[in-house]
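> I'll drop the sequence and a predicted model, then ask my questions.
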Amino acid sequence: MARKGISARDAVTVGPYSHGIDADGLVFLSGQTPVDPKTGKLIEGDIKAQTEQGFKNLFSVLGTIGLTSESVQKVNVFLVDMNDFPAMNEVYKKQFTEPYPARTTIGVASLPLGARIEIEGIAKK
């Protein structure tokens, strides 16, 4: 099966990868950092602002193929500082309705461009 790449106008890549891949109805979304698509730079602000921007970028990729947050089945969240977990959760909770997607949150040493969060997911058409 050939990969069908997804490219979103309102998302940024910082390397040689697609924003997403449609694999026969399963959509694998590359990690999105809180980069402003207009400037190509990391947004300023706390973890809440960075989480909101990360989701805007992720949902922009979904919107390119006509999907919404309701299509998301699994989310992986990468945090540089696990002390940001409660604040990230406040924003995260507003992105989805119950039942929430399955999720894993992982503490990492660093992320591209100095981001404090990266969010990736799997959606289903």
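Arrived safely, thanks for sending. Numbers count the residues shown, from 1 in each chain.

> hey, which helix is longest across this structure?
Ranked by number of residues, the top helix in the chain under DSSP state H is helix 47-64.

> So for the helix or strand following it, what gets flagged as buried?
Counting by DSSP states H and E, the next helix or strand C-terminal to helix 47-64 is strand 72-79. Residues of strand 72-79 classed as buried by neighbour count (16 or more other CB atoms under 10 Å): 72, 75, 76, 77, 78, 79. Any C-beta I mention is one placed from the backbone N, CA and C, and that applies to glycine too.

> where along this structure do the strands fall?
Applying DSSP state E to the chain gives strands spanning 4-6, 20-23, 26-32, 35-36, 41-42, 72-79, 102-107, 117-124.

> quick one: contacts of the second one?
Meaning strand 20-23. Strand 20-23 is contacted by residues 1, 3-6, 8, 27-30, 61-62, 64-65, 125 when judged by CB atoms under 8 Å, 6 or more residues apart in numbering.

> farthest-separated two in these?
1 and 8 (22.0 Å; CB to CB).

> More neighbours: which of those two?
Using other CB atoms under 10 Å as the criterion, residue 1 and residue 8 rank with residue 8 on top: 22 against 5.

> quick one, what contacts that one?
19, 20, 57, 60, 61, 63, 64.
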